[in-house]
Every structure is written in C-alpha cells, then in structure tokens.
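Structure for the following, please:
(one chain, ligands or ions: 2)
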Amino acid sequence: MEISIKHSAHIYELIEKWNEINNIRYYKDIKKEHRKWNKNGTTTYDMQCVILGKTGYGKSTLLNKIIGKDVFETSAIDSTTLKMQCADWLIDSNNNYYFSIADFPGIGQNSKIDEKYLEWYKQMLEKSDCILYLLRADTREYSIDINTINNLEMDKSKLILGLNFCDKIEPITRSITSGLTEKQLVNLEGKINAISKSFKIAKSNILPFSADTMWQIDKLIKKIVGTITCNN
Ligand SMILES: Nc1nc2c(ncn2[C@@H]2O[C@H](COP(=O)(O)OP(=O)(O)OP(=O)(O)O)[C@@H](O)[C@H]2O)c(=O)[nH]1
Ligand SMILES: [Mg+2]
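Ligands and ions are numbered 1, 2, ... in the order given. Model prediction:
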C-alpha cells in the first residue's frame with residue numbers, strides 16, 4: 001500500500017490552529033507495530049486518522065479546513081480524489097514519530113471501482129488509530145454506509161461518524177452567523193438519535209459539523225485526538 005504525501009509540516013503548525021493537538025504530542029505510547037511505515041527508506045511511526053465515506057461528502061474539504069490551506073483537490077461535480085493521499089506532521093524527529101490524516105477516494109460511484117476502494121479501506125483500517133467515516137446530515141439514505149461499516153468490520157472503539165453538511169439541515173435560513181438555528185438543532189438531535197439506532201453506535205461517537213462553515217470542527221478535532229490517545 002502506497003500513500004502519497006501531499007502536505008508535510010511540523011506538528012506545531014497544527015497546534016497553532018488547534019490547541020487540542022497538543023495532547024497527541026504528549027502521548028507516550030507511539031512505537032507500535034501497526035503504526036510502522038517506510039518513508040524513503042526510513043522507518044517511521046505514524047499515529048493515523050483516516051477519512052472515509054461516500055464520494056462528494058466532504059472528505060478532502062474537511063482536511064483542507066483542518067490544515068488551513070487548499071492542499072487537496074475538491075469538486076462539487078465529479079469524484080475528485082482517485083488515490084490514497086495524506087498530510088503528515090512530525091512529532092519527534094529523533095524517533096520519527098508522526099501524526100497523519102489520510103484522505104481516501106469516496107465510494108458509491110460504481111460497484112467495480114468501489115471494490116477496489118473498499119480493498120484500500122480494509123488495508124488502511126489495520127494501520128489506523130482513528131476511523132473518521134463521513135455521513136451527510138441532509139440525507140436519510142444510509143444503507144451503503146451501514147453495509148460498508150459492517151462488511152469491513154470497523155472497530156467501533158476507533159470509529160467516529162462525522163455528520164457533515166450540517167449547514168444544510170432543514171429549515172435552511174439566511175443568517176449572518178455560522179451556527180445552527182434552534183429549529184435546525186432540534187432536527188439535528190432527531191437525526192443523531194436515528195443514526196445511533198440504525199448504525200448501532202453510541203451517540204457520543206457521532207459528531208455533527210460543517211466543513212463548509214467550519215461549525216464544530218474544533219469539537220471534531222478534540223474527538224479525533226481523544227480516540228487516538230484512547231482518552232475519550
Ligand atoms: N454546504 C456544504 N458543502 C460542503 C460541505 N463539505 C463539503 N462541501 C462541498 O461538497 C463538495 C464535495 O466535497 P469534496 O471535499 O470534494 O468531497 P470528497 O468526499 O472529498 O469527494 P471524493 O474525493 O470524490 O470522495 C465540494 O463542492 C465542497 O465544497 C459542507 O459542510 N457544507
Ligand atoms: Mg476527495
């Protein structure tokens with residue numbers, strides 16, 4: 001399995017934007033077999049978060065917002081991400097410890113391509129400490145997602161269901177603030193309850209956000225860090 005590194009920086013770059021990332025820097029138990037990678041002949045240990053989910057659900061957009069730069073290509077029209085790619089942040093240069101977020105191609109295009117991508121997902125699950133599986137808050141069709149999570153036997157202790165597109169929850173209004181209205185929040189609560197039941201996953205593992213307006217991305221980062229450091 002090969003992943004192209006599209007962005008590489010020191011962990012301080014992330015901490016400056018997201019204070020919570022500090023907890024990853026202080027995490028001591030990094031040197032584990034499943035975290036081993038080979039980067040140009042050097043063995044590294046990567047604490048890995050992977051973003052998975054259907055095409056067009058905002059995986060690349062989210063990663064760009066976390067970095068604060070448009071590194072990963074996004075599109076409102078076509079399936080955009082066609083290979084495995086990631087952003088890496090150096091934690092410790094003496095031991096070659098890294099924090100990494102990987103952006104994968106989205107499923108749901110056609111069954112032949114899905115087969116290939118699902119195989120990639122499967123391989124990556126074993127190497128990951130946090131699986132961020134994106135859903136859209138403005139749809140009620142989750143059967144492909146439920147099947148994918150069940151068929152790949154995703155470890156629910158590592159799984160976060162990221163509920164993106166919360167800015168599109170009904171009733172949509174025009175506003176000068178980026179938060180959700182009272183009515184949207186009520187509908188969101190109902191949505192989370194329904195998803196919790198149908199996916200058989202605790203409500204605490206469902207994190208609503210909007211990559212577009214950046215609503216609750218700070219909470220999502222906190223959840224990712226908590227999952228990786230087993231400190232939820
Ligand atoms: N309104 C709204 N639009 C969003 C949000 N997140 C992403 N988008 C838009 O959705 C479109 C698709 O986003 P991408 O980031 O390319 O989706 P992707 O999951 O990476 O897609 P693939 O690479 O094909 O798997 C883009 O036009 C984004 O601007 C969101 O929270 N709200
Ligand atoms: Mg993409």
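
what does stretch 67-79 rub up against?
6-7, 14, 17, 55-56, 58, 60-61, 63-64, 80-81, 85, 87, 103, 105-106, 109 (CB atoms under 8 Å, 6 or more residues apart in numbering). All C-beta atoms are positioned from the backbone trio N, CA, C, and that covers glycine.

What about these, which are in strands?
Residues of the contacts of stretch 67-79 located in strands (DSSP state E): 6-7, 85, 87, 103.

Quick check: the farthest pair among these?
Maximum pairwise distance among the ones in strands among the contacts of stretch 67-79 (CB to CB): 10.0 Å, between 7 and 103.

neighbour-wise, which of the two wins?
Between residue 7 and residue 103, counted using other CB atoms under 10 Å, the more crowded position is residue 103 (27 against 18).

Check the gap between the more buried one and residue 186 for me.
From residue 103 across to residue 186, the span is 32 Å (CB to CB, to the nearest Å).

immediately after the lowest-mean-pLDDT helix or strand in the chain, which helix or strand?
Lowest on mean pLDDT, DSSP states H and E among the helices and strands of the chain sits helix 22-25, with a mean of 93. Next along the chain after helix 22-25, taking DSSP states H and E as the criterion, comes strand 36-39.

what's that following strand packed up against?
Secondary-structure packing of strand 36-39 (3 or more CB pairs under 8 Å, 6 or more residues apart in numbering; DSSP states H and E): strand 42-53.

pLDDT on the strand it packs on, on average?
Mean pLDDT, strand 42-53: 97.

Also stretch 72-79?
On average, stretch 72-79 scores 90.

That stretch: which residues count as buried?
Residues of stretch 72-79 classed as buried under the neighbour-count rule (16 or more other CB atoms under 10 Å) are 72, 74, 79.

you'd agree residue 174 is in a helix?
No. Under DSSP: H, G, I helix; E, B strand; the rest coil, residue 174 sits outside any helix and is assigned coil.

burial of it, as a residue count?
Residues near residue 174, counting by other CB under 10 Å, number 4.

Single out the residue in this protein that lies closest to ligand 1.
As assessed by CB to the nearest ligand atom, ligand 1 sits closest to residue 106 within the chain, at 2.4 Å.
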